[in-house]
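In: let me see the structure of the following:
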Amino acid sequence: MTMKKLFNPGLSEKEKKEFEALAKANLKKAYFTALGFLGSRDDAVEISQEAFLRAYVNFKKFDRSKNFFAWYYRILKNLCLNFIRDSRAKKTENFLEPEKLESEETDPALKTENNELHEQIENVMNKLNFKDREIIILKEFQNMSYKEISEILNIPLGTVMSRLFYARKKLAEKLKGVI
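Out: Got it, this is the predicted structure:
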């Protein structure tokens, strides 16, 4: 792919503005989704930006009758999987955003206890297989509906419910003794 094509994929001004609005509306969701998969803030920023760049280059292929995040999510997920496969991401930082916890809690002992609990939950989440972690992240951390998850993962609604049920069951089993 040439640099000229990369930065000028032949989008009209209207399409560029449309993409910009869609990207801005989905920046946080993209970052936190990548963070959930990769566990590293720096990696999540890098991969979510790369995914937006690829989405921009391929924006002409986006079916406007479909959900933008579902289309973008497939790009993001593939990049995350490639990143994990290439074993450049091992597990580093929290995806439960401890800064938010710190600002909400004033008691130092309780703050420490909460941080330890979140670290333990993160460790357990990272031990789940990718499909289980993915569906829990989409439902519990991204607050998506079953219908949205079905659309994003391109699987039937019943499969979403079933996968989520079994993923939660595995998570609960792994959390025994932790909580």
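In: can you pull out the low-pLDDT segments for the chain?
Out: Applying pLDDT under 70 to the chain flags residues 1-9, 87-105, 178-179.
In: tell me which residues in the lengthiest helix in it are buried?
Out: Assignment by DSSP state H gives helix 13-38 as the longest helix of the chain. The neighbour-count check on helix 13-38 (16 or more other CB atoms under 10 Å) flags 15, 18-19, 22-23, 26, 29-38 as buried. Where C-beta positions appear, they are placed from N, C-alpha and C, glycine not excepted.
In: any idea which of these is closest to I121?
Out: G36 (12.0 Å; CB to CB).
In: how much space separates the most centrally placed residue in the chain from N115?
Out: Most central in the chain under CA atoms, centre = their mean is T33, positioned 1.2 Å from the mean C-alpha point. Look at T33 and N115: by CB to CB, to the nearest Å, they are 23 Å apart.
In: ditto for P108
Out: To N115, P108 is 10 Å away according to CB to CB.
In: so between the two, which is more surrounded?
Out: Between P108 and N115, N115 has the larger neighbour count (other CB atoms under 10 Å), namely 16 against 8.
In: pretty sure Y146 sits against L157.
Out: Yes - when contacts are counted by CB atoms under 8 Å, Y146 is listed as touching L157 (5.7 Å).
In: contact partners for I75?
Out: Residues in contact with I75, defined by CB atoms under 8 Å, 6 or more residues apart in numbering, are A51, R54, A55, N58.
In: how about 7 Å then?
Out: A51, R54, A55 (CB atoms under 7 Å, 6 or more residues apart in numbering).
In: helix/strand/coil for the second one?
Out: Right, R54. Classification of R54 by DSSP: H, G, I helix; E, B strand; the rest coil places it in helix.
In: who's in contact with it?
Out: For R54, the contact set (CB under 7 Å, 6+ apart) comprises I75.
In: which element is V160 on?
Out: helix 157-175 (DSSP states H and E).
In: likewise for F69?
Out: Element membership for F69, per DSSP H and E: helix 68-85.
In: now do the buried residues in that helix.
Out: For helix 68-85, by 16+ other CB under 10 Å, it's 68-73, 75-77, 79-80, 83-84.
In: using TSV, please lay out those residues together with distance to L11.
Out: Below are the buried residues of helix 68-85 laid out as TSV (distance: CB to CB, whole Å):
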residue	distance to L11
F68	15
F69	19
A70	20
W71	15
Y72	16
Y73	21
I75	16
L76	20
K77	24
L79	21
C80	25
F83	27
I84	31
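In: show me the two of those that sit farthest apart.
Out: F68 and I84 (24.2 Å).
In: for A172, see how far away K17 is.
Out: Counting by CB to CB, the gap from K17 to A172 is 46 Å.
In: before we move on, what about V57?
Out: Relative to A172, V57 is positioned 42 Å away (CB to CB).
In: higher neighbour count, the two?
Out: V57 (17 against 11).
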